[in-house]
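1. sharing a sequence plus its predicted fold:
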Amino acid sequence: AVVSTQSTGVANMAPCLGVQEYLVIKLNQGEQIDTESLTAKLIGITGNVVHWQGPLMFHEDYRNTFIVSLVIPEDMGIGGFRILLEGYVQGGSQFQRLSSTTFFPTASCLRIRGASNYYALFPRQRTFFTVELTNNNQHDELYTLSCSNTENYGIQVAGPRVYNPGQRRGVMAGSNPVVLAPRQRGQYMVSVSAPRSGLVRGRTVTVNCRATTSTDELIDAVRLTEMDEKFYD
């Protein structure tokens, strides 16, 4: 069974088109399977078209659990897909399993990218991370991005810089909300300012970012770890 889809962060479960994603797959009675023979396929529910296929990787922490790392093709659309597993049991017989769940990619995508300071908060310093919004609709869409954190530390959302498909250098939009044309993406720089004192070494601060559109709400989060002055001893 396919138990979930996850991004490189801690994101809403709906997968995104055109970005790095991870599909987490758990096999019942997986010990009977020749795991090296396993492959996964993305089967579109419209026409049963195979949109992607590739190998599985072992999950380091959970038994009989595997990870598929892939970029879901942008031209697949948002019609939905199921996961087909193919491989061999240890006796040599071939098997196929199709996920009971249908996954629907989002028409818009929100993802948080890596944070500075090794995902830590230090006294009197700011920790930065990038938020990317992508419009996979067939029409222009208006996006409003806001971020908050569990300790109510100061937070700033700058940008966005807007990129056209294949463009390496974007153009500063200078407004939030911003209108993105189809397949455009907006890249925001977000900073969290830690106070001078009061940080608790090892405490987790969760930063939530929320993007709203005319029809949807997208949420992603990143966890930062507080470090006190003793870190420098």
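-> Here it is on my side, so go on.
2. against residue 112, how distant is the residue of the chain most remote from its centre?
-> What lies farthest from the middle of the chain is residue 91; by CA atoms, centre = their mean that is 37.5 Å. To residue 112, residue 91 is 45 Å away according to CB to CB, to the nearest Å. Any C-beta I mention is one placed from the backbone N, CA and C, and that applies to glycine too.
3. what is the least confident helix or strand in the protein?
-> strand 10-11 (a mean of 38; mean pLDDT, DSSP states H and E).
4. helix or strand right after it?
-> strand 20-26 (DSSP states H and E).
5. for the residue farthest from the centre of the chain, which three-state class applies?
-> Assigned by DSSP: H, G, I helix; E, B strand; the rest coil, the conformation of residue 91 is coil.
6. now swap in residue 118 and tell me
-> Quick answer, by three-state DSSP: residue 118 is helix.
7. excluding its backbone neighbours, what's nearest residue 136?
-> residue 17 (4.9 Å; CB to CB, 6 or more residues apart in numbering).
8. I'd say the one you found and residue 79 touch.
-> No. Applying CB atoms under 8 Å as the test, residue 17 and residue 79 come out as separate, 11.2 Å apart.
9. how close does residue 49 get to residue 41?
-> With distances taken as CB to CB, residue 49 is found 10 Å from residue 41.
10. who has more neighbours out of these two?
-> Taking other CB atoms under 10 Å, residue 49 and residue 41 do not tie; residue 41 has more neighbours (18 against 12).
11. re the thing from before, higher neighbour count, residue 17 and residue 79?
-> Counted by other CB under 10 Å, residue 17 and residue 79 do not tie: residue 17 has more neighbours, with 21 against 13.
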